[in-house]
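Novice: here are the coordinates; sequence isn't available:
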């Protein structure tokens, strides 16, 4: 049994001559708003606003940015402008310590506090204690005691 698979499903149907329904509605809305401005405002003010509105309507109907409709770019711009933003970076001046002060202090081991599990934290602390205290923990699973090194 054969089935017909639709081709070109991403292309919109031309309803009003060479225009799709979206293009027609953008142009009709721009023309209607332009007519209202022409009828209600003085001519020198209305001409400037009519040019802006018809330019925006033409951009909505025909202009594409990187292959995407202009309305999607306008929507992304509004979302960016009116959404909350999180700024993380904050510059802080660091003071450089003198080498003599660092040499007089005891060496400090860095132990990370963030890990995937408590088991890894325990393994890390055992490795650090093993290196610093001179004790070796038995790797035998039957005896959990520790033995001292000579």
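Specialist: Now that the structure is in, tell me what you want to look at. Computed from a predicted structure; not experimentally measured.

Novice: switch to C-alpha atoms for all contacts and neighbour counts from now on
Specialist: Noted.

Novice: Next, the contact list for residue 69, please.
Specialist: By CA atoms under 8 Å, 6 or more residues apart in numbering, residue 69 lies in contact with 60, 62-63.

Novice: Wasn't residue 39 part of a strand?
Specialist: No - applying DSSP: H, G, I helix; E, B strand; the rest coil, one finds residue 39 to be helix, outside a strand.

Novice: can you start the count at 11 instead of 1 from here on
Specialist: With the count now opening at 11, the last piece we talked about shows up as residue 49.

Novice: I'd like to know how many residues surround it.
Specialist: 11 (other CA atoms under 10 Å).

Novice: now, among the contacts of residue 79, which is nearest to residue 22?
Specialist: residue 72 (13.0 Å; CA to CA).

Novice: these two touch, right, the closest one and residue 33?
Specialist: Yes - look at residue 72 against residue 33 with CA atoms under 8 Å: they come within range, at 7.2 Å.

Novice: Of these two, which one has the most company?
Specialist: Ranked by neighbour count (other CA under 10 Å), residue 72 and residue 33 place residue 33 first, with 20 against 13.

Novice: Now the more buried one: closest residue in space, sequence neighbours ignored.
Specialist: residue 71 (4.5 Å; CA to CA, 6 or more residues apart in numbering).

Novice: so what's the one you found up against?
Specialist: So residue 71 contacts 32-34, 36-37, 80 (CA under 8 Å, 6+ apart).

Novice: rerun that using 7 Å as the cut-off
Specialist: Applying CA atoms under 7 Å, 6 or more residues apart in numbering to residue 71 gives the contacts 33, 36-37.

Novice: tell me, how many neighbours does residue 67 end up with?
Specialist: For residue 67, using other CA under 10 Å, the count is 21.

Novice: how near is it to residue 36?
Specialist: 6 Å (CA to CA, to the nearest Å).

Novice: Quick check on the residue nearest to residue 48 when sequence neighbours are not counted: phi, psi?
Specialist: Using CA to CA, 6+ apart and skipping residues adjacent in sequence, the residue nearest residue 48 is residue 56, 5.3 Å away. Note on residue 56: its backbone torsions stand at phi -70, psi -30 [degrees, to the nearest 10].

Novice: ok, residue 56 touching residue 47?
Specialist: Yes - counting by CA atoms under 7 Å, residue 56 does reach residue 47; the two are 5.6 Å apart.
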